[in-house]
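Student: give the three-dimensional model of this entry:
(chains A and B)
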Protein chains: 2
Amino acid sequence: MNSKAVVLVSGGLDSATTLAIARSQGHACYALSFDYSQRHIYELSAAKKIAAQLGVEQYKVIKLDLAGITGSALTDPCVAVPDKPSDGIPVTYVPARNTVFLSLALGWAEVLNAHHIFIGVNAVDYSGYPDCRPKFIKAFEKTANLATKLGVEKNAFKIETPLIHLSKADIIRKGIALGVDYSLTVSCYNPDAQGQACGVCDSCRIRVDGFSDVGIDDPAISTL
Amino acid sequence: MNSKAVVLVSGGLDSATTLAIARSQGHACYALSFDYSQRHIYELSAAKKIAAQLGVEQYKVIKLDLAGITGSALTDPCVAVPDKPSDGIPVTYVPARNTVFLSLALGWAEVLNAHHIFIGVNAVDYSGYPDCRPKFIKAFEKTANLATKLGVEKNAFKIETPLIHLSKADIIRKGIALGVDYSLTVSCYNPDAQGQACGVCDSCRIRVDGFSDVGIDDPAISTL
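Tutor: Below is the predicted model:
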């Protein structure tokens, strides 16, 4: 087995758990984050701490200027972040985000000769996002193996989505069993000036409910 | 017909011709270049001039830090640019480059509601690059329509590759007929300090031969 893996790490709960799973499978992990004009940078400092806590080989941040090309609430200050769940594709959807992230992960993976690319997408809680669905992941994997030298020569690349069918509670149980420190994670779309999670946005609600299902308090959201 | 198109423009002969073809088909064109730590920046200033000459709606440059993740002669100062054609996949191959470029073009296209993405790949002269082959393009197009809101709702996106089966001479003939000013284009892998093409690298040889087949001198290479 090729044991190197590139793992996309955002600073949130899902990607922290994904990184812990990749390590538990014996991979030498190379964590990758993107600095893409997101509304707050707390998630990048969280990502760095999580990567250190979980012992990666290398942690890399790629700067990416998406501000001019996107129209999402996560990157565009003119679009309000909603405080209640929406039907259909959420306004927090960032056009082509996972395609862009996976493409850059693929480039790094080829240079590292890493055959595994882990991404913490989840089709249960985030089914509104087209680029979190299994059929997107499968199509990207096929594209990756047609796009690259290692893909053409060895059909090398595998896009790994260990969370894709898990509930938030199952993700949290798995992460706790693997030693993830969830107090380091930041999932909030709308934190205050100190980086404190709001507790009411879609993303906060989903994780608070997940911890509640597991029967413990969310260590990253103190005031609920 | 949806008439907006995002066109990838590198500053080279092929992408200039591609832009002219997109315009001749009636598209309102949005030209996109990447500043990705390539060895020389002459191609970016060429891209800007070409976009202006061919009358685009908007010209955008996205900065992209690929230097840390690639191992190609085009971005890595430690890899020498070859002066003769190579067998197999050339060392000038940049891991996942077209996947990354098309992904970002896709994000911008979705924001613009542009359904067409033009890329000047060519499977004749550059068959060594895995991400210039028709089957890569087809797989990417499928991925794009699974990855995005417009793709899911309307199967909107079409990756257009008007040069893919043309010889260099045919590309040049088409471009001349459409008014492309090839003296503005830069294709050389290894220009001198003034931006003058070397005339001997793979990329120069291919275009010099193409102009020769058409029976005219390459206006961008003065000293051969």
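
Student: helix or strand right after the longest helix belonging to chain A?
Tutor: The residue-count maximum for a helix in chain A (DSSP state H) belongs to helix A:97-112. Proceeding C-terminally, helix A:97-112 gives way to strand A:116-118 as the next helix or strand, assigned by DSSP states H and E.

Student: quick one: buried residues of the longest strand along chain A?
Tutor: Using DSSP state E, we find that the single longest strand of chain A is strand A:28-35. Judged by neighbour count using 16 or more other C-beta atoms under 10 Å in any protein chain shown, the buried positions of strand A:28-35 are A:28-35. In short, each C-beta sits where N, CA and C put it, glycine included.

Student: now the residues you listed in CSV, with pLDDT and distance to chain B?
Tutor: Rendered in CSV, the data for the buried residues of strand A:28-35 read as follows (pLDDT from 0 to 100; distance: C-beta to the nearest C-beta, whole Å):
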residue, pLDDT, distance to chain B
A:A28, 98, 17
A:C29, 98, 16
A:Y30, 97, 10
A:A31, 97, 13
A:L32, 96, 9
A:S33, 94, 13
A:F34, 90, 10
A:D35, 87, 10
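
Student: now the farthest one out in chain A, which residue is it?
Tutor: Distance to the chain centre peaks in chain A at A:E153, reaching 28.9 Å (criterion: C-alpha atoms, centre = their mean).

Student: ok, now which ones touch that one?
Tutor: A:E153 is in contact with no residue at all, counting by C-beta atoms under 8 Å, 6 or more residues apart in numbering or on different chains.

Student: what about it, helix or strand, and which?
Tutor: Counting by DSSP H and E, the element that carries A:E153 is helix A:149-154.

Student: tell me if the longest helix of chain A is near chain B.
Tutor: Yes: where contact is defined by C-beta under 8 Å from any C-beta of the partner chain, part of helix A:97-112 touches chain B, namely A:97-100, A:102-104, A:106-108, A:110-111.

Student: packing partners for that helix?
Tutor: The helices and strands touching helix A:97-112, judged by 3 or more C-beta pairs under 8 Å, 6 or more residues apart in numbering or on different chains; DSSP states H and E, are strand A:4-8, strand A:28-35, strand A:116-118, helix A:134-147, helix B:97-112, helix B:134-147.

Student: residues contacting the shortest one, please?
Tutor: Yep, that's strand A:116-118 we're talking about. Contacting residues not belonging to strand A:116-118 are listed as A:2, A:4-8, A:18-19, A:21-22, A:27, A:29, A:102, A:105-106, A:109, A:144, A:157-162 [C-beta under 8 Å, 6+ apart].

Student: distance of A:P134 relative to A:V124?
Tutor: When C-beta to C-beta, to the nearest Å is the yardstick, A:P134 and A:V124 sit 11 Å from each other.

Student: run through chain A and note the low-pLDDT ranges.
Tutor: In the predicted model, chain A carries pLDDT under 70 at residues A:1-2, A:37-40, A:67-92, A:125-127, A:222-224.

Student: just checking, next helix/strand downstream of the helix holding A:E153?
Tutor: Scanning forward in sequence from helix A:149-154, with DSSP H and E defining helices and strands, the next element found is strand A:158-160.

Student: gap between the helix or strand just after that following strand and the chain center?
Tutor: Counting by DSSP H and E, the next helix or strand C-terminal to strand A:158-160 is helix A:168-177. On the basis of C-alpha atoms, centre = their mean, to the nearest Å, helix A:168-177 sits 15 Å off its chain's mean C-alpha point.

Student: buried residues in helix A:168-177, which are they?
Tutor: Counting neighbours by 16+ other C-beta under 10 Å, one finds that the buried residues in helix A:168-177 are A:168, A:170-176.

Student: picking up where we left off before, dump the helices and strands packed on helix A:97-112 into TSV; add distance to B:V200 as well.
Tutor: Converted to TSV, the helices and strands packed on helix A:97-112 look like this (distance: least, C-beta to C-beta, whole Å):
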stretch	distance to B:V200
strand A:4-8	37
strand A:28-35	37
strand A:116-118	38
helix A:134-147	29
helix B:97-112	23
helix B:134-147	29
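
Student: OK, contacts around the residue lying closest to A:L178 once chain neighbours are set aside?
Tutor: The shortest distance from A:L178 to any residue other than its chain neighbours is 3.9 Å, reached at A:A20 (C-beta to C-beta, 6 or more residues apart in numbering or on different chains). By C-beta under 8 Å, 6+ apart, the contact set of A:A20 is A:54, A:174-175, A:178-180.

Student: so which of the buried residues of strand A:28-35 comes closest to A:K48?
Tutor: The shortest approach to A:K48 among these belongs to A:S33, at 7.6 Å (C-beta to C-beta).

Student: check which helix or strand A:Y59 maps to.
Tutor: A:Y59 belongs to strand A:58-63 when assigned by DSSP H and E.

Student: kindly calculate the angle that that strand makes with strand B:58-63.
Tutor: Using axes from the mean of the first three to the mean of the last three C-alpha atoms, to 10 degrees, the direction of strand A:58-63 lies 160 degrees away from that of strand B:58-63.

Student: other SSEs contacting strand A:58-63?
Tutor: Strand A:58-63 sits against strand A:28-35, helix A:42-53, with contacts defined as 3+ C-beta pairs under 8 Å, 6+ apart.

Student: now with 10 Å?
Tutor: Contacting strand A:58-63 under the criterion 3 or more C-beta pairs under 10 Å, 6 or more residues apart in numbering or on different chains; DSSP states H and E are the following elements: strand A:4-8, strand A:28-35, helix A:42-53, helix A:97-112.

Student: buried sites along the longest one?
Tutor: Residues of helix A:97-112 classed as buried: A:97-112 (neighbour count, 16+ other C-beta under 10 Å).

Student: got the CA positions of that helix in PDB?
Tutor: Taking Å, rounded to 0.1, in the frame of the first residue of the first chain, the C-alpha atoms of helix A:97-112 are listed here in PDB:
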ATOM      1  CA  ARG A  97     -15.100  25.000  -4.200                       C
ATOM      2  CA  ASN A  98     -14.400  21.300  -3.700                       C
ATOM      3  CA  THR A  99     -13.400  20.900  -7.300                       C
ATOM      4  CA  VAL A 100     -10.800  23.700  -6.900                       C
ATOM      5  CA  PHE A 101      -9.600  22.300  -3.500                       C
ATOM      6  CA  LEU A 102      -9.300  18.700  -4.800                       C
ATOM      7  CA  SER A 103      -7.500  19.800  -7.900                       C
ATOM      8  CA  LEU A 104      -4.800  21.600  -5.900                       C
ATOM      9  CA  ALA A 105      -4.600  18.600  -3.500                       C
ATOM     10  CA  LEU A 106      -4.100  16.400  -6.600                       C
ATOM     11  CA  GLY A 107      -1.200  18.500  -7.800                       C
ATOM     12  CA  TRP A 108       0.500  18.300  -4.500                       C
ATOM     13  CA  ALA A 109      -0.300  14.600  -4.200                       C
ATOM     14  CA  GLU A 110       1.400  13.900  -7.500                       C
ATOM     15  CA  VAL A 111       4.500  15.700  -6.500                       C
ATOM     16  CA  LEU A 112       4.600  13.800  -3.200                       C
END
